[in-house]
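Participant: Next comes the sequence, and after it the predicted model I'd like to discuss.
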Amino acid sequence: MVRRPGPSVRLKLTLSYASFLMVAGILLLATVWVFLLRYVPERTRTGPGLPGPFSPTRSDLLDAFAPRAFQALGILLAVGLVGGWLLAERMLAPLTRITEATRAAAAGSLSHRIRLEGRNDEFRELADAFDAMLARLEAHVAEQRRFAANASHELRTPLAITQTLLDVARQDPDRDHAELVGRLHDVNARAIGLTEALLLLSRADQRSFTPERVDLSLCAEDAAETLLPLAEKRGVTIVTSGEPSPTRGSVTLLQQLTTNLLHNAIVHNLPDGGTAWITTTARPDGVVLAVENTGELLAAPFVATLTEPFQRGAGRTRTHDAGVGLGLAIVDSITRAHDGTLTLTTRPSGGLRVTVRLPLA
Ligand SMILES: Nc1ncnc2c1ncn2[C@@H]1O[C@H](COP(=O)(O)OP(=O)(O)O)[C@@H](O)[C@H]1O
Ligand SMILES: [Mg+2]
(Lines give C-alpha, C1' and ligand atoms only; values in the text may rest on other atoms or scores of the structure.)
(Ligands and ions follow the chains in the order given, each with its own letter.)
Protein backbone atom coordinates (compact mmCIF):
# COMPACT_ATOMS: atom_id res chain seq x y z
CA MET A 1 0.00 0.00 0.00
CA VAL A 2 1.33 3.44 -0.93
CA ARG A 3 0.83 6.13 1.70
CA ARG A 4 1.47 9.84 1.51
CA PRO A 5 4.49 10.89 3.55
CA GLY A 6 3.57 12.51 6.87
CA PRO A 7 5.38 13.90 9.90
CA SER A 8 7.14 11.23 11.96
CA VAL A 9 5.79 10.16 15.33
CA ARG A 10 9.05 11.43 16.83
CA LEU A 11 8.39 14.91 15.47
CA LYS A 12 4.78 14.83 16.62
CA LEU A 13 5.81 13.75 20.14
CA THR A 14 8.49 16.48 20.24
CA LEU A 15 5.98 19.16 19.20
CA SER A 16 3.47 17.96 21.79
CA TYR A 17 6.09 18.04 24.56
CA ALA A 18 7.21 21.52 23.55
CA SER A 19 3.66 22.89 23.22
CA PHE A 20 2.70 21.46 26.56
CA LEU A 21 5.73 23.04 28.16
CA MET A 22 4.90 26.40 26.52
CA VAL A 23 1.29 26.33 27.73
CA ALA A 24 2.43 25.46 31.26
CA GLY A 25 5.05 28.26 31.14
CA ILE A 26 2.56 30.88 29.92
CA LEU A 27 0.10 29.90 32.65
CA LEU A 28 2.80 30.15 35.28
CA LEU A 29 3.97 33.56 34.07
CA ALA A 30 0.35 34.80 33.93
CA THR A 31 -0.12 33.73 37.53
CA VAL A 32 3.04 35.54 38.58
CA TRP A 33 1.89 38.66 36.71
CA VAL A 34 -1.51 38.68 38.41
CA PHE A 35 0.17 38.17 41.77
CA LEU A 36 2.56 41.06 41.20
CA LEU A 37 -0.20 43.43 40.18
CA ARG A 38 -1.70 43.32 43.66
CA TYR A 39 1.35 45.19 45.01
CA VAL A 40 1.56 47.88 42.39
CA PRO A 41 -0.97 50.76 42.11
CA GLU A 42 -2.55 51.62 38.83
CA ARG A 43 -1.26 55.20 38.66
CA THR A 44 1.56 57.03 40.43
CA ARG A 45 0.39 58.95 43.36
CA THR A 46 2.79 61.79 43.88
CA GLY A 47 2.40 64.79 45.99
CA PRO A 48 3.43 66.12 49.33
CA GLY A 49 3.33 63.62 52.11
CA LEU A 50 3.08 60.64 49.81
CA PRO A 51 5.69 57.97 49.77
CA GLY A 52 8.67 58.61 47.59
CA PRO A 53 11.30 58.85 46.33
CA PHE A 54 10.76 55.65 44.32
CA SER A 55 7.35 54.15 43.66
CA PRO A 56 6.97 51.96 40.55
CA THR A 57 3.99 52.07 38.28
CA ARG A 58 2.40 49.23 36.34
CA SER A 59 4.07 50.28 33.14
CA ASP A 60 7.45 50.19 34.94
CA LEU A 61 6.61 46.67 36.07
CA LEU A 62 5.58 45.61 32.58
CA ASP A 63 8.81 47.00 31.17
CA ALA A 64 10.82 45.00 33.67
CA PHE A 65 8.72 41.80 33.54
CA ALA A 66 7.98 41.37 29.86
CA PRO A 67 11.55 40.85 28.55
CA ARG A 68 12.33 38.36 31.33
CA ALA A 69 9.09 36.54 30.68
CA PHE A 70 9.87 36.24 26.97
CA GLN A 71 13.37 35.03 27.75
CA ALA A 72 11.98 32.37 30.06
CA LEU A 73 9.48 31.29 27.42
CA GLY A 74 12.23 31.10 24.83
CA ILE A 75 14.35 28.90 27.08
CA LEU A 76 11.33 26.70 27.81
CA LEU A 77 10.69 26.33 24.09
CA ALA A 78 14.30 25.32 23.43
CA VAL A 79 14.29 22.88 26.36
CA GLY A 80 10.95 21.46 25.19
CA LEU A 81 12.12 20.93 21.63
CA VAL A 82 15.54 19.44 22.44
CA GLY A 83 14.31 17.44 25.43
CA GLY A 84 11.26 16.23 23.55
CA TRP A 85 13.36 15.18 20.57
CA LEU A 86 15.72 13.14 22.78
CA LEU A 87 12.95 11.69 24.96
CA ALA A 88 10.92 10.68 21.93
CA GLU A 89 13.93 8.85 20.52
CA ARG A 90 14.27 6.86 23.72
CA MET A 91 10.57 6.10 23.86
CA LEU A 92 10.41 4.98 20.25
CA ALA A 93 13.57 2.86 20.18
CA PRO A 94 11.70 -0.45 20.79
CA LEU A 95 9.32 0.41 17.96
CA THR A 96 12.26 0.64 15.55
CA ARG A 97 13.35 -2.86 16.53
CA ILE A 98 9.84 -4.23 16.15
CA THR A 99 9.58 -2.65 12.70
CA GLU A 100 12.94 -4.14 11.67
CA ALA A 101 11.82 -7.59 12.82
CA THR A 102 8.54 -7.23 10.91
CA ARG A 103 10.39 -6.28 7.76
CA ALA A 104 12.75 -9.25 8.20
CA ALA A 105 9.77 -11.58 8.67
CA ALA A 106 8.05 -10.14 5.62
CA ALA A 107 11.22 -10.79 3.64
CA GLY A 108 11.04 -14.45 4.71
CA SER A 109 13.37 -14.62 7.72
CA LEU A 110 11.15 -16.34 10.27
CA SER A 111 14.00 -17.33 12.58
CA HIS A 112 14.59 -13.70 13.61
CA ARG A 113 13.32 -12.76 17.12
CA ILE A 114 13.02 -9.28 18.67
CA ARG A 115 13.81 -10.48 22.22
CA LEU A 116 13.20 -7.03 23.72
CA GLU A 117 14.87 -6.81 27.12
CA GLY A 118 13.76 -4.92 30.23
CA ARG A 119 10.63 -4.94 32.34
CA ASN A 120 7.15 -5.47 31.06
CA ASP A 121 5.36 -2.59 29.35
CA GLU A 122 3.19 -2.08 26.27
CA PHE A 123 6.12 -2.30 23.83
CA ARG A 124 7.52 -5.45 25.48
CA GLU A 125 4.08 -7.03 25.34
CA LEU A 126 3.85 -6.26 21.65
CA ALA A 127 7.36 -7.60 21.03
CA ASP A 128 6.69 -10.79 23.01
CA ALA A 129 3.42 -11.38 21.18
CA PHE A 130 5.23 -10.84 17.90
CA ASP A 131 8.00 -13.28 18.88
CA ALA A 132 5.42 -15.88 19.84
CA MET A 133 3.68 -15.41 16.49
CA LEU A 134 6.98 -15.83 14.63
CA ALA A 135 7.78 -19.00 16.57
CA ARG A 136 4.40 -20.49 15.67
CA LEU A 137 4.74 -19.51 12.04
CA GLU A 138 8.23 -20.96 11.86
CA ALA A 139 7.11 -24.26 13.41
CA HIS A 140 4.15 -24.38 11.06
CA VAL A 141 6.26 -23.78 7.96
CA ALA A 142 8.79 -26.42 9.08
CA GLU A 143 5.93 -28.86 9.61
CA GLN A 144 4.54 -28.18 6.16
CA ARG A 145 7.95 -28.71 4.59
CA ARG A 146 8.41 -31.99 6.42
CA PHE A 147 4.98 -33.03 5.32
CA ALA A 148 5.64 -32.23 1.66
CA ALA A 149 8.97 -34.09 1.77
CA ASN A 150 7.42 -37.15 3.42
CA ALA A 151 4.43 -37.16 1.10
CA SER A 152 6.66 -37.00 -1.98
CA HIS A 153 8.78 -39.81 -0.62
CA GLU A 154 5.75 -41.97 0.12
CA LEU A 155 4.28 -41.29 -3.28
CA ARG A 156 7.52 -42.14 -5.01
CA THR A 157 7.83 -45.54 -3.32
CA PRO A 158 4.98 -47.31 -5.17
CA LEU A 159 6.07 -45.75 -8.45
CA ALA A 160 9.64 -46.97 -7.90
CA ILE A 161 8.41 -50.48 -7.06
CA THR A 162 6.24 -50.50 -10.18
CA GLN A 163 9.22 -49.41 -12.25
CA THR A 164 11.37 -52.23 -10.86
CA LEU A 165 8.66 -54.82 -11.49
CA LEU A 166 8.26 -53.62 -15.06
CA ASP A 167 12.03 -53.65 -15.66
CA VAL A 168 12.31 -57.20 -14.40
CA ALA A 169 9.39 -58.27 -16.60
CA ARG A 170 10.96 -56.69 -19.65
CA GLN A 171 14.27 -58.44 -19.13
CA ASP A 172 12.61 -61.80 -18.65
CA PRO A 173 9.61 -62.00 -21.03
CA ASP A 174 8.98 -65.68 -20.36
CA ARG A 175 8.07 -65.16 -16.72
CA ASP A 176 4.61 -65.69 -15.30
CA HIS A 177 2.63 -62.51 -16.00
CA ALA A 178 -0.21 -63.34 -13.62
CA GLU A 179 2.10 -62.90 -10.65
CA LEU A 180 3.40 -59.62 -12.02
CA VAL A 181 -0.12 -58.28 -12.57
CA GLY A 182 -1.07 -59.31 -9.06
CA ARG A 183 1.85 -57.48 -7.51
CA LEU A 184 1.33 -54.42 -9.69
CA HIS A 185 -2.29 -54.39 -8.58
CA ASP A 186 -1.31 -54.45 -4.90
CA VAL A 187 1.24 -51.68 -5.31
CA ASN A 188 -1.26 -49.58 -7.21
CA ALA A 189 -3.98 -50.12 -4.61
CA ARG A 190 -1.60 -48.91 -1.94
CA ALA A 191 -0.76 -45.81 -3.98
CA ILE A 192 -4.47 -45.06 -4.41
CA GLY A 193 -4.99 -45.53 -0.68
CA LEU A 194 -2.18 -43.10 0.07
CA THR A 195 -3.47 -40.48 -2.36
CA GLU A 196 -6.98 -40.78 -0.94
CA ALA A 197 -5.64 -40.39 2.59
CA LEU A 198 -3.78 -37.22 1.53
CA LEU A 199 -6.91 -35.81 -0.10
CA LEU A 200 -8.93 -36.60 3.01
CA LEU A 201 -6.37 -34.89 5.20
CA SER A 202 -6.49 -31.70 3.17
CA ARG A 203 -10.29 -31.75 3.07
CA ALA A 204 -10.50 -32.10 6.85
CA ASP A 205 -7.93 -29.32 7.30
CA GLN A 206 -10.01 -26.97 5.15
CA ARG A 207 -13.19 -27.62 7.17
CA SER A 208 -15.12 -27.62 3.92
CA PHE A 209 -18.27 -29.36 5.12
CA THR A 210 -21.75 -28.37 6.22
CA PRO A 211 -22.23 -29.43 9.85
CA GLU A 212 -25.19 -31.68 10.58
CA ARG A 213 -26.33 -33.71 13.56
CA VAL A 214 -24.30 -36.91 13.89
CA ASP A 215 -24.69 -39.67 16.47
CA LEU A 216 -21.23 -40.98 17.33
CA SER A 217 -22.62 -44.26 18.64
CA LEU A 218 -23.99 -44.99 15.16
CA CYS A 219 -20.57 -44.25 13.64
CA ALA A 220 -19.04 -46.67 16.15
CA GLU A 221 -21.53 -49.39 15.24
CA ASP A 222 -20.89 -48.83 11.53
CA ALA A 223 -17.13 -49.06 12.00
CA ALA A 224 -17.44 -52.25 14.07
CA GLU A 225 -19.62 -53.82 11.39
CA THR A 226 -17.28 -52.84 8.53
CA LEU A 227 -14.16 -54.03 10.31
CA LEU A 228 -15.59 -57.27 11.74
CA PRO A 229 -14.11 -59.47 8.96
CA LEU A 230 -10.66 -57.96 9.52
CA ALA A 231 -10.97 -58.44 13.29
CA GLU A 232 -11.99 -62.09 12.82
CA LYS A 233 -9.06 -62.67 10.49
CA ARG A 234 -6.71 -61.29 13.13
CA GLY A 235 -8.35 -62.98 16.09
CA VAL A 236 -9.39 -59.72 17.72
CA THR A 237 -12.65 -59.41 19.66
CA ILE A 238 -14.50 -56.10 19.25
CA VAL A 239 -16.50 -54.96 22.26
CA THR A 240 -18.94 -52.14 21.45
CA SER A 241 -20.87 -50.24 24.10
CA GLY A 242 -22.36 -46.82 24.06
CA GLU A 243 -25.23 -44.48 24.51
CA PRO A 244 -26.56 -42.01 21.93
CA SER A 245 -23.89 -39.31 21.64
CA PRO A 246 -25.08 -36.51 19.38
CA THR A 247 -22.59 -33.99 18.04
CA ARG A 248 -22.46 -31.68 15.02
CA GLY A 249 -20.23 -32.18 12.01
CA SER A 250 -19.67 -34.16 8.86
CA VAL A 251 -21.00 -37.75 8.93
CA THR A 252 -18.43 -38.87 6.36
CA LEU A 253 -15.48 -37.44 8.27
CA LEU A 254 -16.65 -38.68 11.68
CA GLN A 255 -17.22 -42.15 10.24
CA GLN A 256 -13.72 -42.01 8.80
CA LEU A 257 -12.36 -41.00 12.22
CA THR A 258 -14.09 -43.90 13.98
CA THR A 259 -13.02 -46.38 11.31
CA ASN A 260 -9.38 -45.24 11.44
CA LEU A 261 -9.29 -45.63 15.22
CA LEU A 262 -10.90 -49.05 15.24
CA HIS A 263 -8.74 -50.17 12.32
CA ASN A 264 -5.64 -49.21 14.31
CA ALA A 265 -6.99 -50.95 17.41
CA ILE A 266 -7.31 -54.14 15.35
CA VAL A 267 -4.10 -54.11 13.33
CA HIS A 268 -1.78 -52.81 16.06
CA ASN A 269 -3.09 -55.37 18.53
CA LEU A 270 -1.68 -58.61 19.94
CA PRO A 271 -0.81 -61.20 17.27
CA ASP A 272 -3.70 -63.35 18.49
CA GLY A 273 -6.52 -63.17 21.04
CA GLY A 274 -6.52 -59.40 21.40
CA THR A 275 -9.46 -57.18 22.30
CA ALA A 276 -10.61 -53.79 21.03
CA TRP A 277 -13.15 -51.72 22.96
CA ILE A 278 -15.10 -48.92 21.36
CA THR A 279 -17.27 -46.82 23.66
CA THR A 280 -19.31 -43.64 23.30
CA THR A 281 -20.55 -41.54 26.21
CA ALA A 282 -22.59 -38.35 26.36
CA ARG A 283 -21.75 -35.92 29.14
CA PRO A 284 -23.17 -32.48 29.86
CA ASP A 285 -19.97 -30.86 28.53
CA GLY A 286 -19.61 -32.96 25.38
CA VAL A 287 -19.54 -36.42 23.84
CA VAL A 288 -16.62 -38.80 24.19
CA LEU A 289 -15.53 -41.56 21.86
CA ALA A 290 -12.98 -43.93 23.40
CA VAL A 291 -11.17 -46.67 21.48
CA GLU A 292 -8.95 -48.93 23.50
CA ASN A 293 -6.99 -52.04 22.62
CA THR A 294 -4.65 -54.63 24.03
CA GLY A 295 -1.21 -54.84 22.48
CA GLU A 296 2.47 -54.25 23.00
CA LEU A 297 3.69 -51.99 25.78
CA LEU A 298 4.20 -48.50 24.34
CA ALA A 299 6.46 -45.74 25.63
CA ALA A 300 4.73 -42.43 26.40
CA PRO A 301 7.17 -40.23 24.38
CA PHE A 302 6.66 -42.46 21.34
CA VAL A 303 2.88 -42.21 21.69
CA ALA A 304 3.11 -38.40 21.75
CA THR A 305 4.51 -38.40 18.18
CA LEU A 306 1.97 -40.79 16.65
CA THR A 307 -0.38 -38.10 15.33
CA GLU A 308 2.35 -36.65 13.13
CA PRO A 309 1.83 -37.51 9.47
CA PHE A 310 3.75 -40.59 8.25
CA GLN A 311 4.78 -41.53 11.78
CA ARG A 312 4.53 -45.30 12.17
CA GLY A 313 5.65 -47.76 14.75
CA ALA A 314 8.71 -49.77 13.77
CA GLY A 315 9.24 -53.48 14.10
CA ARG A 316 6.76 -56.25 14.44
CA THR A 317 3.68 -54.15 13.89
CA ARG A 318 4.60 -53.41 10.25
CA THR A 319 2.26 -55.81 8.54
CA HIS A 320 0.30 -55.87 5.35
CA ASP A 321 -2.82 -54.27 6.92
CA ALA A 322 -0.99 -51.37 8.55
CA GLY A 323 -1.41 -48.13 6.65
CA VAL A 324 1.05 -45.51 5.54
CA GLY A 325 1.06 -43.62 8.83
CA LEU A 326 -1.64 -41.08 8.01
CA GLY A 327 -4.45 -42.71 10.01
CA LEU A 328 -3.92 -40.81 13.26
CA ALA A 329 -2.95 -37.59 11.45
CA ILE A 330 -6.36 -37.74 9.74
CA VAL A 331 -8.08 -38.44 13.07
CA ASP A 332 -6.29 -35.45 14.61
CA SER A 333 -7.22 -33.19 11.71
CA ILE A 334 -10.88 -34.27 11.72
CA THR A 335 -11.06 -33.77 15.50
CA ARG A 336 -9.68 -30.24 15.20
CA ALA A 337 -12.05 -29.44 12.34
CA HIS A 338 -14.89 -30.36 14.76
CA ASP A 339 -13.50 -28.24 17.63
CA GLY A 340 -12.66 -31.34 19.60
CA THR A 341 -9.64 -32.71 21.42
CA LEU A 342 -7.72 -35.93 20.84
CA THR A 343 -5.87 -37.72 23.65
CA LEU A 344 -3.61 -40.75 23.31
CA THR A 345 -2.65 -42.65 26.46
CA THR A 346 -0.68 -45.84 26.89
CA ARG A 347 -2.30 -48.72 28.75
CA PRO A 348 -0.19 -50.06 31.64
CA SER A 349 -0.86 -53.62 30.50
CA GLY A 350 0.04 -52.79 26.88
CA GLY A 351 -1.85 -51.23 24.02
CA LEU A 352 -3.35 -47.82 23.54
CA ARG A 353 -6.38 -45.80 24.61
CA VAL A 354 -7.51 -43.05 22.27
CA THR A 355 -10.12 -40.53 23.41
CA VAL A 356 -11.89 -38.03 21.18
CA ARG A 357 -13.94 -35.34 22.91
CA LEU A 358 -16.41 -33.39 20.77
CA PRO A 359 -18.98 -30.70 21.55
CA LEU A 360 -22.49 -31.89 22.41
CA ALA A 361 -25.14 -31.12 19.81
N1 LIG B 1 -4.45 -48.54 18.67
C2 LIG B 1 -3.11 -48.59 18.57
N3 LIG B 1 -2.40 -49.44 19.34
C4 LIG B 1 -1.05 -49.46 19.25
N5 LIG B 1 -0.34 -48.71 18.40
C6 LIG B 1 -1.00 -47.85 17.62
C7 LIG B 1 -2.42 -47.76 17.65
N8 LIG B 1 -2.81 -46.83 16.77
C9 LIG B 1 -1.69 -46.38 16.20
N10 LIG B 1 -0.61 -46.98 16.69
C11 LIG B 1 0.78 -46.74 16.31
O12 LIG B 1 0.80 -45.46 15.69
C13 LIG B 1 1.33 -45.52 14.38
C14 LIG B 1 0.63 -44.54 13.49
O15 LIG B 1 -0.71 -44.89 13.30
P16 LIG B 1 -1.45 -44.40 12.01
O17 LIG B 1 -1.27 -42.94 11.92
O18 LIG B 1 -2.84 -44.91 12.01
O19 LIG B 1 -0.60 -45.05 10.88
P20 LIG B 1 -0.63 -46.54 10.35
O21 LIG B 1 -1.77 -47.24 11.03
O22 LIG B 1 -0.85 -46.29 8.93
O23 LIG B 1 0.71 -47.11 10.66
C24 LIG B 1 1.13 -46.96 13.98
O25 LIG B 1 2.10 -47.37 13.05
C26 LIG B 1 1.29 -47.72 15.29
O27 LIG B 1 2.66 -47.95 15.57
MG1 LIG C 1 -3.66 -46.66 10.94
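Facilitator: Received it, and whenever you're ready, just let me know what you need. Residues are numbered from 1 along each chain as shown. Ligands and ions are numbered 1, 2, ... in the order given.

Participant: For the protein, list the residues in contact with ligand 2, please.
Facilitator: Counting by Cβ under 5 Å from the ion, the chain comes close to ligand 2 at 264, 323, 327. For the C-beta atoms, the positions are set from N, CA and C on the backbone; glycine is no exception.

Participant: check the residues you listed against ligand 1, which are close?
Facilitator: 264, 323, 327 (Cβ under 6 Å from any ligand atom).

Participant: could you dump the residues of the chain next to ligand 2 to TSV with neighbour count and secondary structure?
Facilitator: What follows is the residues of the chain next to ligand 2, written out as TSV (neighbours: other Cβ atoms under 10 Å; DSSP: H, G, I helix; E, B strand; the rest coil):
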residue	neighbour count	secondary structure
264	22	helix
323	17	coil
327	24	helix
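
Participant: that older thread, closest one to ligand 2 out of the ones next to ligand 1 among the residues of the chain next to ligand 2, please.
Facilitator: residue 327 (2.7 Å; Cβ to the ion).

Participant: Get me the contact residues on this protein for ligand 1.
Facilitator: 264-265, 268, 293, 295, 306, 311-313, 317, 322-329, 351-352.

Participant: tell me which element the closest residue to ligand 2 within the stretch 101-250 of the chain is part of?
Facilitator: Nearest to ligand 2 in the stretch 101-250 of the chain, going by Cβ to the ion, is residue 197, at a distance of 9.4 Å. Residue 197 belongs to helix 177-206 when assigned by DSSP states H and E.

Participant: For that helix, the averaged confidence score.
Facilitator: Per-residue pLDDT values over helix 177-206 give a mean of 90.

Participant: now swap in stretch 22-32 and tell me
Facilitator: On average, the pLDDT along stretch 22-32 is 94.

Participant: what comes up buried for it?
Facilitator: For stretch 22-32, burial by neighbour count (16 or more other Cβ atoms under 10 Å) applies to 25, 29.

Participant: now swap in stretch 188-196 and tell me
Facilitator: Of the residues in stretch 188-196, those buried (16+ other Cβ under 10 Å) are 190, 191, 194.

Participant: Confirm for me that the last one is in contact with residue 158.
Facilitator: Yes: using Cβ atoms under 8 Å, residue 194 makes contact with residue 158 at a distance of 7.4 Å.

Participant: where does this structure have low pLDDT?
Facilitator: 42-54, 314-322 (pLDDT under 70).

Participant: Now do the helices in it.
Facilitator: With DSSP state H, the ranges of helices along the chain come out as 9-37, 58-106, 122-171, 177-206, 216-234, 251-267, 300-304, 327-337.

Participant: Which of those helices sits closest to residue 360?
Facilitator: Across these, residue 360 has its closest neighbour in helix 216-234 (10.4 Å, Cβ to Cβ).

Participant: which strands and helices sit next to that closest one?
Facilitator: Other elements packing on helix 216-234 under the criterion 3 or more Cβ pairs under 8 Å, 6 or more residues apart in numbering; DSSP states H and E are strand 236-242, helix 251-267, strand 274-283, strand 286-293.
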